[in-house]
Each structure stands twice: as C-alpha cells, then as structure tokens.
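Trainee: when you get a sec, could you give me coordinates for this:
(one chain, ligands or ions: 1)
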Amino acid sequence: MTTGHPTSPRSPRSSRRKRLLRAGLALVAVGAAVAVAVVVVPRLLPPGPRPSFQLPVACGETWQLGTYPGHDDYDVDLFPTEGEAWGRPVLASDAGTVTEAGINGSLGGRTPDDPDGPRGRGGGYWVKIDHGGRWETQYLHLLEPPLVRVGQRVARGEQVGRVGSTGNSGAPHLHYEQRRGWQKVETHFDGSPSGITHDDTEYTVTRTSNNCASGSP
Ligand SMILES: [Zn+2]
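Mentor: A predicted model of the protein is given here:
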C-alpha cells in the first residue's frame, strides 16, 4: 500500500545546510545577547557618584567661566583672566579613559597668526573622557590635534591639548562640559557648583584651579 506522499531519500547536502543555518542563527542570538549586555545594560544602570572634577586648566590659574544666550544650558566657556588664551594647557578634570580625540565638525582657519580667519563648524579639535559611572567631560576648540588618543587612560591633571579657536569659535577659549548619563549637567569644580545652569542670559564667574597634583591613572 502507498501513501499520498512518496518519501524521497534525504540529501546529505541539504541536512548539512540546515545544520549550518542553525549554527548561524545560534551565533546571531549569542551576538545579540552580548550586545544587550554590553551596550544596553550600562545605560539602564543609575549613574555613579560625581567624580571630584577639577578645573581643566593649570593649578593656581584664575579663569573666567561664562555663558551667553544661544550657547546651550550648562555649557561653559573658559577664558584666562591673565595672559593670552592661545596655547594654554588643557588638563583632564579627573582620571578616565579617552573616548574621543580628533575633529568635531570642521577646523576652520583661526590660528594665533590669523585669529579672525574663517570660522569652522562644531567643536574643532576636541577630546571626550569617560570617567566611569556614566560621567563624561568634553574639551572643545583645541589649537592642535589632541595630545591623547582614543582608548588612552589619563590621570587627573594630565594635559590633553592646548587652548585654541578651531571649530565654531569666536575667540580662543576652552568650551567645556560635564555629562552624567550622557546628559549635560551643571559643572562642579573642586566640590562646588559653577552656577552656570542655563543660557538665558550672559553670566560669568571666576574660579581658581585646584587641579594641582596629577593622580595615578
Ligand atoms: Zn562654548
């Protein structure tokens, strides 16, 4: 007696293809699980305690911290109260790992020899540091390519670049941000807030750097 569905012998080639497909799908599933663990989970965890950030400029120097309408909430522009801004050392606010070190936007052509040269876009030469616990700092408009590279561990007070006017910058200065959970927050230095919380009005304050002893990375 015969059934309505004659059975054909299984081809060894098609069963190998099925095994390969199953192995491939398993790899994709493992990859997705790893991606969730590495990328998604850290973003769901609450941020850690605020690192003890220091001013990103040399120990003992007094700088003006300010903002202006149209800047952005919490953004800080730093200008030295004495001497030229061009070329002044930019220091890591705290120990961390460099996550950006390159060009944001475009450089433009503003240099010490041509301070009113063509304006660039964005941050110009910049550095971003991950301090752990979802805390980050950013340093923009640097004069030259950063002195650090992505993945490098830096100590508090380690020099990451020099003050310049690359990117969308009117005059040589350091544009600086602190971020918690990838959101900008009010900058704190040496344990106290800067008072720069919004860009509705022009506001400046002076602070003296206590970024003095370079800690171990
Ligand atoms: Zn700025």
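Trainee: pull up the pairing partners for the helix or strand containing Val205, direction included.
Mentor: Using DSSP states H and E, Val205 sits within strand 203-208. Strands adjacent to strand 203-208 in the sheet, as given by DSSP bridges, are strand 62-67 (antiparallel).
Trainee: let's test this: mean pLDDT of the strand it pairs with, rounded?
Mentor: What strand 62-67 shows for mean pLDDT is 98.
Trainee: any buried residues in that strand, and which?
Mentor: Neighbour counts over strand 62-67 (16 or more other CB atoms under 10 Å) mark 63, 65-67 as buried. Quick note: C-beta positions are derived from backbone N, CA and C, even for glycine.
Trainee: so the closest residue to the ion within the chain bridges to which residues?
Mentor: Nearest residue of the chain to the ion: His175, at 3.3 Å (CB to the ion). On the basis of DSSP bridges, His175 is bridged to Asp77, Leu140.
Trainee: give me the pLDDT value at it.
Mentor: 98.
Trainee: burial count for the residue nearest to Ile129 when sequence neighbours are not counted?
Mentor: Leaving aside its sequence neighbours, Ile129 sits nearest to Gly96 (CB to CB, 6 or more residues apart in numbering; 4.1 Å). Residues near Gly96, counting by other CB atoms under 10 Å, number 23.
Trainee: tell me how far Gly96 lies from Pro51.
Mentor: Per CB to CB, to the nearest Å, Gly96 is found 8 Å from Pro51.
Trainee: how about Thr204?
Mentor: On the measure of CB to CB, Thr204 and Pro51 end up 25 Å apart.
Trainee: quick one: which of those two has more around it?
Mentor: Pro51 (21 against 13).
Trainee: is it true that the more buried one touches Trp135?
Mentor: Yes. Using CB atoms under 8 Å, Pro51 makes contact with Trp135 at a distance of 5.4 Å.
Trainee: the residue nearest to Ile129 contacts Arg134, correct?
Mentor: No. Using CB under 8 Å, Gly96 is not in contact with Arg134; the gap is 11.7 Å.
Trainee: leaving out the residues flanking it, which one is nearest to the residue nearest the centre of the chain?
Mentor: For the chain, the residue nearest the mean C-alpha position is Lys128 (2.8 Å; CA atoms, centre = their mean). Among residues not flanking Lys128 along the chain, Glu100 sits closest, at 3.7 Å (CB to CB, 6+ apart).
Trainee: now the end-to-end length of stretch 185-204.
Mentor: End-to-end span of stretch 185-204 (CA to CA, to the nearest Å): 17 Å.
Trainee: now that stretch: buried residues?
Mentor: 185, 187-189, 194, 196, 199, 203.
Trainee: the ion contacts on the chain?
Mentor: Selection of the chain residues close to the ion by CB under 5 Å from the ion yields 77, 175.
Trainee: which stretches of the chain have low pLDDT?
Mentor: 1-12, 42-43, 214-217 (pLDDT under 70).
Trainee: centre of the chain to the longest helix along it, how far?
Mentor: Criterion DSSP state H: the longest helix present in the chain is helix 12-35. The chain centre lies 37 Å from the centre of helix 12-35; the measure is CA atoms, centre = their mean, to the nearest Å.
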